[in-house]
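Trainee: coords please:
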Amino acid sequence: MSVQLACGACGKSLEAGDRGRPRRYCSRACQARAYRARRAETPADAPEGDDSAPHLTVERIVRAGIAIADAEGLDALSMRRVAMDLGASTMSLYRHVASKDDLVALMVEAAIADVPLPDSAPRDWRHGLERAAYRDWDLYHRHPWILPRVMVTTRAYFSPALAADSESAFSAFDGLDIEPADAFRYMFMFASYVQGVALTYVGDVEAERQSAIAMKQGTKASDHVQSPLFEPGAYPRLAPAMRAGADPWDLDALFASGLAGVLDGIAVDLARRGIDAGASCCSGALCESCRGWQESRGLSREY
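Mentor: This is a model prediction of the structure:
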C-alpha cells in the first residue's frame with residue numbers, strides 16, 4: 001500500500017524517492033519557510049513563578065547565542081550565559097532549545113540563511129565558484145566561530161541552509177558533463193582553499209581576542225615585533241618574501257589572488273579532459289559582477 005506524501009509547508013503532493021529518507025518539502029523555499037516558522041514559534045506558557053519565560057522565543061535565543069559567539073567565540077557560549085543576556089532563568093531556555101548542541105545547530109542554520117543565495121544562474125562554472133567563494137568569505141568574516149568548530153570536518157553535518165548553500169555551489173558545474181566524483185573533487189579542492197585562508201583570518205580574530213583579555217588582566221601578550229625573522233641576513237629568502245608579500249598582511253588581496261590560481265588549475269584539468277568549459281569569468285581582473293559583489297560587502301580591492 002503506497003502512502004501519498006505531502007509538503008510540510010504548502011501541502012503539495014510529493015513523489016516518494018527511490019532511496020534515502022522521504023522528502024518533507026517540495027522546494028527549498030518551502031523548507032526555508034517552515035524553518036522560519038519554527039524559529040518564530042509562540043513560546044509555551046511559563047511555569048508559575050518564572051516571570052522571565054514569556055518573552056522567550058527560539059528566534060531570540062538563537063540570536064543571543066550568535067551575538068555571544070560573534071563577540072567572544074564559541075567557548076564563551078553556554079545556556080546559562082544566553083539566559084543571563086536575555087534576563088531569563090537557565091531552565092526556561094530548555095523549554096525552547098533542548099541543549100547547547102541543538103542551540104549551536106540552530107545558530108549555524110540562522111547564520112548561513114542570513115547570507116542570501118544568488119537569485120540567478122551563474123554565467124559559467126568559474127563565475128559560479130567565484131560567487132560561492134566570496135559568499136563563504138563573507139560568512140566567515142561575519143561569524144568566525146562557524147569555521148573551526150562546525151564546517152571544517154569530514155563528518156556529515158546536515159543543515160538545510162548548508163545543504164542549499166552547497167547545492168548552489170555545485171550548480172556551477174551544470175552543463176559541463178562531468179562525473180559526480182569529479183565535481184566532488186573540484187569542490188573539495190575549491191572549498192579547502194577558501195576555508196584554509198579563512199582559518200588564517202579566524203586565527204587572527206582569536207589572537208586579538210586573547211590579546212585583549214591579557215591586557216584586561218594586566219598581563220603582557222606575546223610580542224612578535226622583534227622576531228629573529230627580520231634580523232639582517234638571518235633568513236635571506238624567507239625574510240624578503242615576507243616583507244614584500246605579508247608586511248602588512250592583506251588577506252583580502254591574497255585570498256583573491258590564490259582563488260584565481262585554484263580556478264585556473266580547475267580550468268586546466270577540464271581542458272586536459274577535453275571538456276568545453278566555456279568562457280572564463282574573472283580570469284585576471286575581477287569582472288564587473290564580482291567586483292560589485294565585493295563592493296557591496298566592503299571587500300573591494302584592485303587585483
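Trainee: where along the stretch 151-300 of the chain do the helices fall?
Mentor: 160-170, 180-216, 238-245, 251-272, 288-296 (DSSP state H, counting those that start in this stretch).
Trainee: weakest of those by average pLDDT?
Mentor: Least confident of the helices of the stretch 151-300 of the chain, judged by mean pLDDT, is helix 288-296 with a mean of 51.
Trainee: Low-confidence ranges, the stretch 51-200 of the chain, go.
Mentor: 51-54, 149-157 (pLDDT under 70).
Trainee: Please name the residues that touch the residue nearest to Asp85 when sequence neighbours are not counted.
Mentor: Setting aside the residues directly before and after it, Asp85 is nearest to Ala64 in space (C-beta to C-beta, 6 or more residues apart in numbering), at 5.1 Å. C-beta: built from backbone N, CA, C; applies to glycine. Residues in contact with Ala64, defined by C-beta atoms under 8 Å, 6 or more residues apart in numbering, are 82, 85-86.
Trainee: quick one: Ala64 from Leu56, how far?
Mentor: Distance, Ala64 to Leu56, by C-beta to C-beta, to the nearest Å: 10 Å.
Trainee: Please report the distance of Met242 from Asp264.
Mentor: 25 Å.
Trainee: let me redo that: Val62
Mentor: 40 Å.
Trainee: Tell me which of these two has more neighbours.
Mentor: Val62 (23 against 14; other C-beta atoms under 10 Å).
Trainee: For the more buried one, give me its contacts.
Mentor: 39, 97, 103, 106-107, 110.
Trainee: any idea how far the nearest residue to Asp165 once chain neighbours are set aside is from Val194?
Mentor: Closest residue to Asp165 apart from its sequence neighbours, by C-beta to C-beta, 6+ apart: Ile112 at 5.9 Å. In this view, Ile112 and Val194 are 14 Å apart by C-beta to C-beta.
Trainee: same deal with Ala113?
Mentor: Distance from Ala113 to Val194, by C-beta to C-beta: 19 Å.
Trainee: In terms of neighbours, single out the busier of those two.
Mentor: Val194 (23 against 19).
Trainee: burial measure for the closest residue to Asp114 other than its chain neighbours, as a count.
Mentor: Nearest residue to Asp114, sequence neighbours excluded (C-beta to C-beta, 6+ apart): Arg142, at 7.7 Å. By other C-beta under 10 Å, the residues close to Arg142 number 14.
Trainee: surely Arg142 meets Ala111?
Mentor: Yes: because the distance of 7.1 Å satisfies C-beta atoms under 8 Å, Arg142 is recorded as touching Ala111.
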